Structure formats: structure tokens, C-alpha cells
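Undergrad: Build me a model:
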Amino acid sequence: MSNQVSSRKAEALWFGNTLVKILLSSSHGRDGTAVIEHRMPHGDSPPMHVHRNEDEIFHIIEGKMRFQVGQEQIVVGAGETVVAPKGIPHTFRVESADGVRCLTVTKGPDFEGLIRMAGRPVTVEELPPAMGAPTPEMIEALIKACQTNNIDVVGAPLS
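TA: Purely as a prediction, here's the structure:
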């Protein structure tokens, strides 16, 4: 039997106000699992959205996040894990003053594809400069990138 174990260097990108590191690409395993690390600032919240093809699993490493999955809201901290099932609208908000560090795990290329499509090259491995309120053009570009990657924007971020 041949050795199928391999190691990959993380690929860093800026995605919105987040520093992401693609620790494991969906293309590197047989079942398409992607593992992505996120560092997000306080208050960061994506629009309410639905993944058509993949569950999104969040594991909090540092900080606190408030999630809305369907009609339910929950606040979680370091060591806790949340599942946002495919087909269910969800969003989150970073509640801790120092931001949050978490992992997302998905099966399939969609979420990773969105990050690659909408991400920007990292100039330093830290949070990107704050983008401020998104312009209508930025919102339109994000919605298009989401649709291309089987994710539907269905509502506003959490406030």
C-alpha cells in the first residue's frame, strides 16, 4: 500500500475584514473536506446566507460568537462547535472585544471557492485594514460570488 499522507502549507487571504488561512483545501482529500482558519474583528458579521450543498461547521478557538441558525440564536466560546446545516439560513456576529479565532469545516468546494473568488492577497499576516461599510458595488460582487459558489444571500448581517 502506498503512503497517501501529505502536508500542506496554509494559504492566507483577506476575505472582507477577515484573515483566513486555508489549512486544508477541498481538493487535497478524497471526500472534499476543507478546513479554514478565520481571525475576525469584533462586530464582524456576514449577511444571512444559505449553503445549498454543504454544512458549515464552526469550531471556536478563541473569543465569543453569536450565531443565528434558522430562528435560533446561541452564543458560543472557545472549545465549542456549531453546525449550520445546508439549506438553513444562518449568520453570526463576533461578540468578543478582541475578535475571534475559529475554524470552519465544509465538505465540498463551494465555501472555499467563495473565499478564493472574493479574497484578496495578504500583504501581512494580520487582520486586513478595516473596509468600512460595503458599497453597493461590493455587495453586488459578494452576492454574485456567493451565487457562483452555491451560496444564497437571504438577509442582513446581525447587529
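Undergrad: Which parts of the protein are strands?
TA: In the chain, the strands defined using DSSP state E lie at 11-15, 18-24, 33-40, 49-51, 56-62, 64-69, 72-77, 81-84, 90-94, 100-107, 120-121, 151-153.
Undergrad: wait, isn't residue 61 in contact with residue 103?
TA: Yes - proximity of residue 61 to residue 103 meets the contact threshold set by Cβ atoms under 8 Å, at 6.6 Å. Bear in mind the C-beta positions are built from the backbone N, C-alpha and C, glycine included.
Undergrad: Report the contact partners of residue 149.
TA: 109, 110, 111, 113, 114, 117 (Cβ atoms under 8 Å, 6 or more residues apart in numbering).
Undergrad: Could you rerun that using 10 Å?
TA: Residue 149 is in contact with 51-54, 108-118, counting by Cβ atoms under 10 Å, 6 or more residues apart in numbering.
Undergrad: now swap in residue 77 and tell me
TA: 60, 62, 63, 64, 65, 95, 96, 100.
Undergrad: Tell me how many other residues crowd the closest residue in space to residue 18 that isn't next to it in sequence.
TA: Counting by Cβ to Cβ, 6 or more residues apart in numbering, residue 18 lies nearest to residue 40, which is 4.8 Å off, once chain neighbours are set aside. A count of nearby residues for residue 40, using other Cβ atoms under 10 Å, gives 25.
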